[in-house]
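[1] next come a sequence and a model predicted from it.
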Amino acid sequence: SIVKPGWIDETKRTGSRANEVEFALVQPTHSSPKIEPTNPDTLLSTALLSGERREIFSECTFLLLGFEDGTDEKKELSRLIRRGNGTIYWELNEDVTHFILNDNADGALYDAASS
């Protein structure tokens, strides 16, 4: 599944894995994708777990696309996934179950992730 970062926010808010279809990236009808932006401040402030480990992502493996190394958003997403007992891969492989594409990713990365 390729989902927007808001999927993690909703998963934390509800306490169970959010419906991936609701946060799936839609195939663009033109070269510039129109993706509803996720406010990083909202994502980070509402999605942070209080330090406790949970099993919410225990069967999920993630690939974060379009996030620059060292950014706060990438660090926080990584922390959330790991606290939820998920696995992050830094390169594409056959075990990846979820792609999280940065809202600001360029069209070429969006097209590559969608194919």
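    Sure thing, it's come through. Numbers count the residues shown, from 1 in each chain.
[2] next one: phi and psi at residue 80?
    The phi and psi torsions at residue 80 (degrees, to the nearest 10) take the values phi -60, psi -50.
[3] likewise for residue 24?
    Dihedral angles phi and psi of residue 24 (degrees, to the nearest 10) take the values phi -70, psi 150.
[4] count of residues packed around it?
    Burial of residue 24, expressed as a neighbour count using other C-beta atoms under 10 Å, amounts to 14. Placement of C-beta: from N, CA and C, glycine included.
[5] I'd say it and residue 6 touch.
    No - under the criterion of C-beta atoms under 8 Å, residue 24 is not in contact with residue 6, lying 11.0 Å apart.
[6] so which residues of the chain form helices?
    Taking DSSP state H as the criterion, the chain contains helices spanning 6-14, 40-47, 72-83, 107-114.
[7] may I have the longest one as PDB, with CA atoms only?
    The reference is to helix 72-83. Extracted in PDB, the C-alpha atoms of helix 72-83 (Å, rounded to 0.1, in the frame of the first residue of the first chain):
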ATOM      1  CA  ASP A  72      12.300  16.200  11.900                       C
ATOM      2  CA  GLU A  73       9.400  14.700  10.000                       C
ATOM      3  CA  LYS A  74      11.400  11.700   8.900                       C
ATOM      4  CA  LYS A  75      12.800  11.200  12.400                       C
ATOM      5  CA  GLU A  76       9.400  11.400  14.000                       C
ATOM      6  CA  LEU A  77       7.800   9.000  11.500                       C
ATOM      7  CA  SER A  78      10.600   6.600  12.100                       C
ATOM      8  CA  ARG A  79      10.100   6.800  15.800                       C
ATOM      9  CA  LEU A  80       6.400   6.300  15.600                       C
ATOM     10  CA  ILE A  81       6.700   3.300  13.300                       C
ATOM     11  CA  ARG A  82       9.300   1.700  15.600                       C
ATOM     12  CA  ARG A  83       7.300   2.400  18.800                       C
END
